[in-house]
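[1] Take this sequence and fold it.
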Amino acid sequence: MGNLLVPFKKFLSNKNTVTILGVLLGIVVLYFGYTWRINSSVSPVKIPYANTTLIQGTKITEDVVSYTEVPKDLLNNMSNVQTNINQIVGQLVSFDAKIPVNSYFFSESLISEDEMPDSIFSNIPDGYTIFSLKVDNHSTYANSIFPDDTIDLYIYTQYGDRDAGEEEKPLFGRFITSIQVLAVKDGKGQNVFRNKDDIGDPEELLFAVPEDLFLLLNKAIKLGVEITPVPRNQSYSEHAGATEVTNDFLEQIILEQTYQIPGECTDLTQC
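    Predicted coordinates:
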């Protein structure tokens, strides 16, 4: 038996043999190490995503979360993506964010209920003012007007040229076009869509308007003019034009019945 091991011992004692074996061992280690790293990088990882569009203030529940698989290496370049469902469910969509359908949950788009402010006043343009329009379920088309929708405002009043002795008649027409809804609030000042399982009753629509429109709309309300919100289709919101008065005749009716304060500033960016 000992004689059988002599050639093997001589083989191992040869420096060239040891070198060759070392190189081969190194190649094997590198191969398996490389293969392990590649498999680890491309092995799929389950990641949550939104299966519906979530607007600001929406509380995230399990039923709006679905899962997909992505290569693990992809997440190395997306450190702000939340992968833990426990850090997603129960959170709110941040006041300055919107999570589109099929989008991942990014940490900056999520906020706790305690951290959630009322954000509508924080991002309005310079020179603009918040205008509140009283509404109800009927005037919002069964609560079908949503934040970020672009709609039109129509007015109704009784009008007749008194100087010409005309009898007053009903007057109804489009007054302002392409005005964006900032928020839909209930009687407690909460976003009616804050909780999709318990949608509130709308009591006011909030808009951001320049000072001249703010004054005009409030003058109309003080005169008893009815202002009616009219929603349009999605394309109208996506290709919204300028927010402006569309009918000079209707504007003039309101201005003729109200007093213009001397020196009143109608452009807050110039005041």
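[2] can you map out the strands along the stretch 1-150 of the chain?
    44-50, 65-71, 92-93, 110-111, 128-134, 150-159 (DSSP state E, counting those that start in this stretch).
[3] any residues touching stretch 224-237, and which ones?
    With contact meaning Cβ atoms under 8 Å, 6 or more residues apart in numbering, stretch 224-237 is reached by 133, 135, 139-141, 144-145, 148-157, 174-175, 178, 180, 205, 217, 220-221, 254. Heads up, the C-betas are built off the backbone N, CA and C, glycines and all.
[4] And that stretch, what's buried?
    Val225, Ile227, Pro229, Pro231, Tyr236, Ser237 (16 or more other Cβ atoms under 10 Å).
[5] From the chain's centre, how far out is that stretch? Work that out for me.
    Centroid separation for stretch 224-237 versus its chain: 20 Å, with Cα atoms, centre = their mean, to the nearest Å.
[6] and what of stretch 211-226?
    On Cα atoms, centre = their mean, the centre of stretch 211-226 falls 29 Å from that of its chain.
[7] Quick one: mean pLDDT over it.
    Here stretch 211-226 scores 95 as its mean pLDDT.
[8] repeat for stretch 59-67
    Mean predicted confidence for stretch 59-67 is 91.
[9] And for stretch 169-188?
    Per-residue scores along stretch 169-188 average to 93.
[10] List the buried residues of that stretch.
    Using 16+ other Cβ under 10 Å as the test for burial, stretch 169-188 gives Phe175, Ile176, Thr177, Ser178, Ile179, Val181, Leu182, Ala183, Val184, Lys185, Asp186.
[11] Strands - which of those land there?
    Phe175, Ile176, Thr177, Ser178, Ile179, Val181, Leu182, Ala183, Val184, Lys185 (DSSP state E).
[12] Just the closest of the residues you listed to Val192, please.
    In terms of Cβ to Cβ, no member of these lies closer to Val192 than Val184, at 5.0 Å.
[13] Might one say that that closest one is in contact with Thr140?
    Yes. Using Cβ atoms under 8 Å, Val184 makes contact with Thr140 at a distance of 7.2 Å.
[14] picking that back up, would you list the buried residues of stretch 224-237 in JSON lines and tack on distance to Gly165 and secondary structure?
    Listed next are the buried residues of stretch 224-237 as JSON lines, based on distance: Cβ to Cβ, whole Å; DSSP: H, G, I helix; E, B strand; the rest coil:
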{"residue": "Val225", "distance to Gly165": "23", "secondary structure": "coil"}
{"residue": "Ile227", "distance to Gly165": "29", "secondary structure": "strand"}
{"residue": "Pro229", "distance to Gly165": "35", "secondary structure": "strand"}
{"residue": "Pro231", "distance to Gly165": "39", "secondary structure": "strand"}
{"residue": "Tyr236", "distance to Gly165": "41", "secondary structure": "helix"}
{"residue": "Ser237", "distance to Gly165": "45", "secondary structure": "helix"}
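[15] Those into JSON lines, with extra columns for distance to Pro170?
    Formatted as JSON lines, the buried residues of stretch 224-237 follow (distance: Cβ to Cβ, whole Å):
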{"residue": "Val225", "distance to Pro170": "12"}
{"residue": "Ile227", "distance to Pro170": "15"}
{"residue": "Pro229", "distance to Pro170": "19"}
{"residue": "Pro231", "distance to Pro170": "23"}
{"residue": "Tyr236", "distance to Pro170": "26"}
{"residue": "Ser237", "distance to Pro170": "30"}
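[16] from those, which is closest to Leu92?
    Nearest to Leu92 among the buried residues of stretch 224-237: Ser237, at 23.2 Å, using Cβ to Cβ.
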